[in-house]
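In: I'll drop the sequence and a predicted model, then ask my questions.
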Amino acid sequence: MSDLNALFEAARSVREKAYAPYSKFLVGAAFRTPDGSVFTGCNVENASYPVSVCAEGGAVSAMIAAGYREIEEAVVVGDAALCTPCGICRQRFAEFGADNLVVHIADLNGIKRSFTLEELLPAAFELEDRKD
(Lines give C-alpha, C1' and ligand atoms only; values in the text may rest on other atoms or scores of the structure.)
Protein backbone atom coordinates (compact mmCIF):
# COMPACT_ATOMS: atom_id res chain seq x y z
CA MET A 1 0.00 0.00 0.00
CA SER A 2 1.40 3.41 -0.92
CA ASP A 3 2.00 6.08 1.71
CA LEU A 4 -0.93 8.13 0.37
CA ASN A 5 -3.26 5.12 0.49
CA ALA A 6 -2.20 4.42 4.07
CA LEU A 7 -2.83 8.06 4.99
CA PHE A 8 -6.26 7.92 3.32
CA GLU A 9 -7.14 4.71 5.21
CA ALA A 10 -6.06 6.28 8.51
CA ALA A 11 -8.31 9.31 7.88
CA ARG A 12 -11.23 7.15 6.74
CA SER A 13 -10.88 4.88 9.76
CA VAL A 14 -10.76 7.68 12.35
CA ARG A 15 -13.74 9.36 10.63
CA GLU A 16 -15.90 6.50 11.91
CA LYS A 17 -15.06 7.54 15.48
CA ALA A 18 -16.26 11.12 15.01
CA TYR A 19 -18.84 12.54 17.40
CA ALA A 20 -21.32 14.52 15.32
CA PRO A 21 -24.79 14.09 16.87
CA TYR A 22 -26.04 17.46 15.60
CA SER A 23 -24.84 17.72 12.02
CA LYS A 24 -24.38 13.97 11.41
CA PHE A 25 -21.41 15.05 9.24
CA LEU A 26 -18.43 12.85 10.10
CA VAL A 27 -14.93 14.01 9.18
CA GLY A 28 -11.55 12.36 9.66
CA ALA A 29 -8.07 13.75 9.09
CA ALA A 30 -4.64 12.16 8.93
CA PHE A 31 -1.32 14.01 8.78
CA ARG A 32 2.13 12.72 7.98
CA THR A 33 5.20 14.45 9.41
CA PRO A 34 8.55 14.59 7.59
CA ASP A 35 9.82 11.52 9.48
CA GLY A 36 6.77 9.46 8.42
CA SER A 37 4.82 9.63 11.69
CA VAL A 38 1.04 9.74 11.23
CA PHE A 39 -1.43 11.60 13.43
CA THR A 40 -5.21 11.44 13.14
CA GLY A 41 -8.21 13.36 14.37
CA CYS A 42 -11.96 13.37 13.96
CA ASN A 43 -14.53 16.08 14.46
CA VAL A 44 -16.14 16.38 17.89
CA GLU A 45 -19.27 18.49 18.03
CA ASN A 46 -20.69 20.35 20.97
CA ALA A 47 -24.19 21.78 21.36
CA SER A 48 -22.51 25.18 21.03
CA TYR A 49 -21.08 24.83 17.51
CA PRO A 50 -18.29 27.40 17.85
CA VAL A 51 -16.56 25.26 20.49
CA SER A 52 -16.66 22.13 18.37
CA VAL A 53 -13.36 20.59 17.28
CA CYS A 54 -12.58 20.01 13.61
CA ALA A 55 -10.89 16.78 12.57
CA GLU A 56 -7.84 18.74 11.46
CA GLY A 57 -7.66 20.49 14.83
CA GLY A 58 -7.69 17.15 16.63
CA ALA A 59 -4.88 15.84 14.45
CA VAL A 60 -2.83 19.00 15.00
CA SER A 61 -3.29 18.66 18.77
CA ALA A 62 -2.14 15.03 18.70
CA MET A 63 0.87 15.96 16.57
CA ILE A 64 1.88 18.85 18.84
CA ALA A 65 1.40 16.73 21.98
CA ALA A 66 3.81 14.17 20.50
CA GLY A 67 6.43 16.88 19.97
CA TYR A 68 6.07 17.46 16.24
CA ARG A 69 5.61 20.84 14.56
CA GLU A 70 5.42 20.18 10.81
CA ILE A 71 2.80 18.57 8.55
CA GLU A 72 4.24 17.20 5.32
CA GLU A 73 1.04 15.74 3.82
CA ALA A 74 -2.61 15.63 4.85
CA VAL A 75 -5.80 13.79 3.95
CA VAL A 76 -9.28 14.97 4.98
CA VAL A 77 -12.19 12.54 4.52
CA GLY A 78 -15.80 13.68 4.74
CA ASP A 79 -19.19 12.67 3.44
CA ALA A 80 -19.03 15.07 0.51
CA ALA A 81 -16.59 14.82 -2.37
CA LEU A 82 -15.06 18.21 -1.58
CA CYS A 83 -15.07 18.59 2.19
CA THR A 84 -12.42 21.30 2.15
CA PRO A 85 -11.00 22.55 5.45
CA CYS A 86 -12.62 25.53 7.14
CA GLY A 87 -10.76 28.82 7.43
CA ILE A 88 -9.47 28.03 10.92
CA CYS A 89 -8.04 24.70 9.75
CA ARG A 90 -6.54 26.34 6.67
CA GLN A 91 -4.69 28.69 9.00
CA ARG A 92 -3.52 25.69 11.05
CA PHE A 93 -2.10 24.22 7.85
CA ALA A 94 -0.38 27.54 7.14
CA GLU A 95 1.25 27.55 10.57
CA PHE A 96 2.28 23.90 10.71
CA GLY A 97 2.48 22.93 7.04
CA ALA A 98 5.71 22.28 5.21
CA ASP A 99 6.41 24.62 2.30
CA ASN A 100 5.33 21.88 -0.11
CA LEU A 101 2.27 20.75 1.90
CA VAL A 102 -0.45 19.11 -0.17
CA VAL A 103 -3.90 18.57 1.35
CA HIS A 104 -5.86 15.73 -0.26
CA ILE A 105 -9.65 15.90 -0.02
CA ALA A 106 -11.50 12.59 -0.11
CA ASP A 107 -14.86 10.94 0.29
CA LEU A 108 -15.28 7.35 1.47
CA ASN A 109 -14.21 6.01 -1.94
CA GLY A 110 -10.92 7.83 -2.28
CA ILE A 111 -9.07 11.05 -3.01
CA LYS A 112 -11.15 13.49 -5.08
CA ARG A 113 -8.87 16.51 -5.30
CA SER A 114 -5.54 17.73 -3.98
CA PHE A 115 -4.67 21.31 -3.05
CA THR A 116 -1.41 23.05 -2.29
CA LEU A 117 -1.31 25.24 0.76
CA GLU A 118 -1.15 28.30 -1.51
CA GLU A 119 -4.41 27.24 -3.21
CA LEU A 120 -6.19 26.76 0.12
CA LEU A 121 -5.01 29.91 1.83
CA PRO A 122 -3.21 32.30 -0.48
CA ALA A 123 -2.94 35.13 2.05
CA ALA A 124 -2.41 33.43 5.40
CA PHE A 125 -1.29 35.23 8.53
CA GLU A 126 2.46 34.82 8.87
CA LEU A 127 4.00 34.25 12.27
CA GLU A 128 6.50 37.00 11.49
CA ASP A 129 3.61 39.46 11.01
CA ARG A 130 2.28 39.00 14.53
CA LYS A 131 3.14 41.59 17.13
CA ASP A 132 3.82 39.87 20.45
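Out: Nice, I can see it. As the structure is a computational prediction, the values presented were derived from the model and not from experiment. Residues are numbered from 1 along each chain as shown.
In: Would you mind listing the buried residues in stretch 94-111?
Out: Residues of stretch 94-111 classed as buried: A94, F96, G97, L101, V102, V103, H104, I105, A106 (neighbour count, 16 or more other Cβ atoms under 10 Å). Where you see a C-beta, it was placed from the backbone N, CA and C, and this is true even at glycine.
In: Any chance of those in JSON lines with pLDDT, secondary structure and distance to V51 as columns?
Out: Shown next, in JSON lines, are those (pLDDT from 0 to 100; DSSP: H, G, I helix; E, B strand; the rest coil; distance: Cβ to Cβ, whole Å):
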{"residue": "A94", "pLDDT": "92", "secondary structure": "helix", "distance to V51": "22"}
{"residue": "F96", "pLDDT": "95", "secondary structure": "helix", "distance to V51": "21"}
{"residue": "G97", "pLDDT": "93", "secondary structure": "strand", "distance to V51": "24"}
{"residue": "L101", "pLDDT": "94", "secondary structure": "strand", "distance to V51": "27"}
{"residue": "V102", "pLDDT": "96", "secondary structure": "strand", "distance to V51": "30"}
{"residue": "V103", "pLDDT": "97", "secondary structure": "strand", "distance to V51": "24"}
{"residue": "H104", "pLDDT": "97", "secondary structure": "strand", "distance to V51": "28"}
{"residue": "I105", "pLDDT": "97", "secondary structure": "strand", "distance to V51": "25"}
{"residue": "A106", "pLDDT": "97", "secondary structure": "strand", "distance to V51": "26"}
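In: Now do the same contact list for the residue nearest to V103 when sequence neighbours are not counted.
Out: Once flanking residues are discounted, V103 sits nearest to A74: 4.6 Å by Cβ to Cβ, 6 or more residues apart in numbering. Applying Cβ atoms under 8 Å, 6 or more residues apart in numbering, we find A74 in contact with 7, 29-32, 56, 59, 93, 97, 101-104.
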